[in-house]
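J.: Generate a structure from the sequence data that follows.
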Amino acid sequence: MRHASVLVSPRTLLFLALLAVASCSSDDGGSTGGGTGPGTGNPPTELLLNEVSNGFGQLLPHRVLRPGTADVVAIRSLADIRENVFRGNPILPTVTFPTAAITPDGTAGNHYLYASFSEAIDPLDVLTGTGNGLEGAITVTAIDSVTGATFEVPGRAFVGGQTVILESGQTTLQTWVTFDSGTGALVPNPAVPEAVGFPGVGSSLLNGETLVSSSTVVFVADDDADLATFDPFPGGVTIRFRASTALVAASGVPLREPLLASVTVGSDLQTPELQSTPPPVNAPLITPGNGDVDVPPDTHVRMEFTESVQPYSLGQIQGQGLPLPSSAVSLTAGPASGPITFPFTVRPVGPFDLTVYDLIPSFAFPGRGDEPLNCGGYSAVSVALAAGQVEDLSNRPDPASGGQSSGPNVNTRSVNTFFEIGEGVGIVNAPVAPDSIYVGRRGTIPGLSVLDLNGFGQSTGNPVSSTPYPLEGESRFPYDPNYLQNPTVRPLLTPGTCTIDGGSAGVFTLTLDSNLSSILAGAPTLSDVSDVHLAHALDAVFRNAPPPFGCASGGGNVCHLAGIKILSITTDPAAPSTIQPEVGALAGQFSPGYENLISWAPHPNPPRLTFPPLCLAPFLASSEPTSVDVLADGTGSNLLVPGNPFPDPVAETPPTGLLTLEQNQFFVGPSFGQTTSQLCRPFQIGQQLGHFLYVIDRPRSEVVVLNSNTMHVIGRIAVMDPVSMAVGPNLDLLAVTDQLADAVTLIDINPASAQFHEVIREVQVGNSPRGLAFEPTNEDLLVCNELGNSLSIISLGNLAVRKTVNLALDGPFELAVTPRMTAFSFQRDVYFSYLLDRAGACAVFESGPGGVNGWGFDTVIGTLPFQFQAPKAIQIDPLNLDASVYIAHEGPIDLSTGAPGSLGDGALSRLHLSSAQTGSVVLGQSSTPGLRDLVFEVAQSLGQGTGALSGIPVDLAFDNQRNLGGTRGPSSTFSAGVPIPGNHKATVRVETQIGSVPRNTSTPSFLFVAIPESLAPGGGVIDVLHLDVPGSPLFDTNPYADGVQSIPAPGVAVLSDYFRQ
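T.: Okay, the predicted model is just below:
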């Protein structure tokens, strides 16, 4: 069984990435029966349309040719439109009435319309004795497209050959016509002289039985209240037969979707115009519009026309590709000097009503923002309908060309309106890795936040900035020395003016959105956050190259072509924990166009949002990072270097440099302003910045895929009961424990794969799987089965369980896996895994190969003599390669005795392999698994009592600002596949493009600890421990307050960095 997935291919991904809110509302609809009703053995659950006709031809369902064939497709679903209708293959014209009062067989008779349904209709639900005989859910009206005047068409309505008459003021059903099955003729009631005017009486119509069926509504033209005198429908107008979903069958089931059939008498010369409200207002029927206020940012725009129109003439049909700007309709917001145009797709309200359309923007409209810093103008949305663009379904003759078709009618009137967006979901422009930590928050206001480690970016936030130093909560972007002293930087750096481009409030602050909220992805995007992981860089899919190589609409930079992106890396002895880009003669150790490297942050981080954006489809809202042109021209250099990232309120001095100890921001963005690629310089980082961000939303049974920079929803992948997840070292698999299914769901996360974001396998494991982790050299996937007290080991070679290990543990729920020790540390050539159970025991798994000639037992070799009481989380230690891990628990360990402290006292301990024989040790005849010469120790155990922690920790993460992740990952003879050349997830590097000395991949200076309950105001905080200082003391994150301050983060539950297991 495979779970359904929203995203099925890179092309589909490009489309869905834009639909931050709207993409979730697609519905193919259509009266296909749905497995209910007659012939299925199931009672009907909905009323379905069979057809609407005027006798001369079918009006509904609409018809279209199957592309490339002469086959006619009846349009019964939105999928039929999506798959068959496009410019060049329009919906076929409907048959009009003749001008004379004749029936389809040529004899004199009244014009009529009928609608046939799948179930019987109660006549008294739709018929009345007043007006034209119809009431409620079915109407027949006429509209003059020139004047907009609408009137009720005179006539008489029937259901099952019955109509309503008034006798002595009372409504009575009267049968006028019956069907003689023997002769096949319609028989009028001799007591009703007018009955001869019912369609088919006295003529040779072949569908007489349908006309008097209990499931058919017939409307007959009648100008003079005498059906026996034959009348046509009125000419010079559009006749509209409409049924709403308020229509119910006699059995009580409702009509599945609305229907509207439009037709004219004689040649169709009526132009398709936007409808208006009745006089005296005469406002265009655009919703929202006409000055509406406090409109939700995720709104769709609805437009109603006088007759059926071709969907593609309004814009891109939903599901046919990327949202694009339209020549017929424009949605714009922002000041006149720089308005933004919103691409959108169009979708009719149903397959049987092509007069009403929803315009679905590719992203939410900007909200009003926080007063008084809101970005004036961006919340006012203008809607403009251009004349001469909207096409009807007609194919009218052109008298000047001998009756040949001159094509459809088009609208003659342009329309403009507007509405005001209220304060809704804010716009997000967040810093990206390696300068960020992702914070999952739970409780009363769940969602996702981003912890800023750069501090000088032009993110969304407060634009106010004081001098000579920024006050607390104010923007520090203006203190980037490149803005102050480097006028040659391109794109130009200009201070923010509102919350859309206000800038960062500094390192160790939570990024704010344009509403100044630190919850960047909350309701309705997320209802909960159980786990968070980063994977591929977004520019692997979304980039600003010209069409068709990146930007499909509204942008594209010729200097952003993949062939011009040449990644070339080198080292600097003064900065051994990072890599640097070469500028000039490039070695090019990666294939051209390789995705952005995790080792480098853009400058600024992030660049500002621009209006209009770089590209409309896909939506790239921010400017490019600082161009390589600055360095290549010799006109400037990067002045933002490692230094003091904090202002000093006492000395009244501003921040002067980056938090990182080694430079990780470089001027290597694309050239710009060029017309040909030959004039472009090679670049090494570009938009879209950020990564695919995966978030478990367990209450909704899904993994949500987000853009880590904008928090736009890229997709949602269904998993029945997702609990925990892990990203494969090669960034090809996302493994999710599906606890209720006793399975691990494997999802393809390789953008180059045809199965991108599809569930490719469900692997059955033990009872109630929870924690899981990949061996960092891509050998195995290890899974804790909490209720089964077992460990499942999935081989990454064939994605099947290769071994199940029964454990002497009480509810193993979390684990960490260290890389196979090949040429580093004790060089044992095995990997280790630490398994935590609910009681606080920690067991050690040692990998193989086993056997007489092997050197590892490939099973659990022992339980350590340490009690990690009430354990919460475990993560591999990125600094130390001696099989070191950090464990969050309660009761710090006494390093001299190994005894645990008191429950309720938060603790964070580092466990490692302290002693072992160097090299692999052959097992020989030894068959009993054991620790042998391996000695494990707790090297450090911090607690609340020592002032190191603010409370009980539940998760942890590390900064990645200094990392070698942009180099090739490690492998062993047991690894599955070849390691990717850059952005591999392993915590060690061995043989890389820049050397063969084994190194830890990341060299963090700070350890971040989630404390959901603390004594700080507001509750939860993130403690920051300084790893560069002996004892890892608590670091003061706020220079404006006395004492050592942690980062306020109410509800903090999850912390994630790029290398998270």
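J.: Which helix or strand contains the closest residue to R761 other than its chain neighbours?
T.: Nearest non-adjacent residue to R761, counting by CB to CB, 6 or more residues apart in numbering: L746, 4.5 Å away. Bear in mind the C-beta positions are built from the backbone N, C-alpha and C, glycine included. Applying DSSP states H and E as the criterion places L746 in strand 743-748.
J.: mind listing what the residue nearest to R761 touches?
T.: Contacts here follow CB atoms under 8 Å, 6 or more residues apart in numbering; on that basis L746 touches L733, L734, A735, V736, V759, I760, R761, E762, V763, L799.
J.: Using JSON lines, please lay out these together with distance to L616, secondary structure and neighbour count.
T.: Supplementary listing: the contacts of L746 in JSON lines, determined by distance: CB to CB, whole Å; DSSP: H, G, I helix; E, B strand; the rest coil; neighbours: other CB atoms under 10 Å:
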{"residue": "L733", "distance to L616": "33", "secondary structure": "strand", "neighbour count": "22"}
{"residue": "L734", "distance to L616": "29", "secondary structure": "strand", "neighbour count": "24"}
{"residue": "A735", "distance to L616": "35", "secondary structure": "strand", "neighbour count": "23"}
{"residue": "V736", "distance to L616": "33", "secondary structure": "strand", "neighbour count": "29"}
{"residue": "V759", "distance to L616": "31", "secondary structure": "strand", "neighbour count": "21"}
{"residue": "I760", "distance to L616": "32", "secondary structure": "strand", "neighbour count": "15"}
{"residue": "R761", "distance to L616": "37", "secondary structure": "strand", "neighbour count": "16"}
{"residue": "E762", "distance to L616": "38", "secondary structure": "strand", "neighbour count": "19"}
{"residue": "V763", "distance to L616": "41", "secondary structure": "strand", "neighbour count": "18"}
{"residue": "L799", "distance to L616": "39", "secondary structure": "coil", "neighbour count": "16"}
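J.: can you put these in CSV and add pLDDT and distance to V425?
T.: CSV is the format used below for the contacts of L746 (pLDDT from 0 to 100; distance: CB to CB, whole Å):
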residue, pLDDT, distance to V425
L733, 98, 31
L734, 99, 26
A735, 99, 30
V736, 99, 26
V759, 98, 29
I760, 98, 32
R761, 98, 35
E762, 98, 33
V763, 98, 37
L799, 98, 38
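J.: And these, which is closest to P98?
T.: Closest to P98 out of the contacts of L746 is V759 (57.1 Å), distances taken as CB to CB.
J.: middle-most residue in this protein, spatially?
T.: V713 (2.1 Å; CA atoms, centre = their mean).
J.: for the stretch 101-250 of the chain, what spans make up the helices?
T.: 123-126, 208-211 (DSSP state H, counting those that start in this stretch).
J.: For E135, see how far away D125 is.
T.: Using CB to CB, to the nearest Å, D125 is found at 9 Å from E135.
J.: err, S362, not the other one
T.: In terms of CB to CB, S362 sits 41 Å off from E135.
J.: CA atoms only: put the strand holding L746 into PDB for me.
T.: Once non-C-alpha atoms are left out, strand 743-748 reads as follows in PDB (Å, rounded to 0.1, in the frame of the first residue of the first chain):
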ATOM      1  CA  ALA A 743       6.100   0.600   9.700                       C
ATOM      2  CA  VAL A 744       8.700   2.900   8.400                       C
ATOM      3  CA  THR A 745       7.500   5.000   5.500                       C
ATOM      4  CA  LEU A 746      10.300   5.800   3.000                       C
ATOM      5  CA  ILE A 747       9.800   8.900   0.900                       C
ATOM      6  CA  ASP A 748      11.900   9.900  -2.100                       C
END
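J.: Sheet partners, orientation included, of that strand?
T.: strand 733-738 (antiparallel), strand 759-764 (antiparallel) (DSSP bridges).
J.: closest to I121 out of those?
T.: I121 lies closest, by CB to CB, to one member of these: strand 759-764, at 44.0 Å.
J.: which residues are in contact with the closest one?
T.: 1-3, 5, 717, 719, 738, 741-748, 792, 794, 799-801.
J.: Now, of those residues, which are buried?
T.: Buried members of these, counted by 16 or more other CB atoms under 10 Å: 3, 5, 717, 719, 738, 741-748, 792, 794, 799, 801.
J.: Same list as before, the strands paired with strand 743-748 that is, but in TSV and with distance to R87 included.
T.: What follows is the strands paired with strand 743-748, written out as TSV (distance: least, CB to CB, whole Å):
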stretch	distance to R87
strand 733-738	39
strand 759-764	36
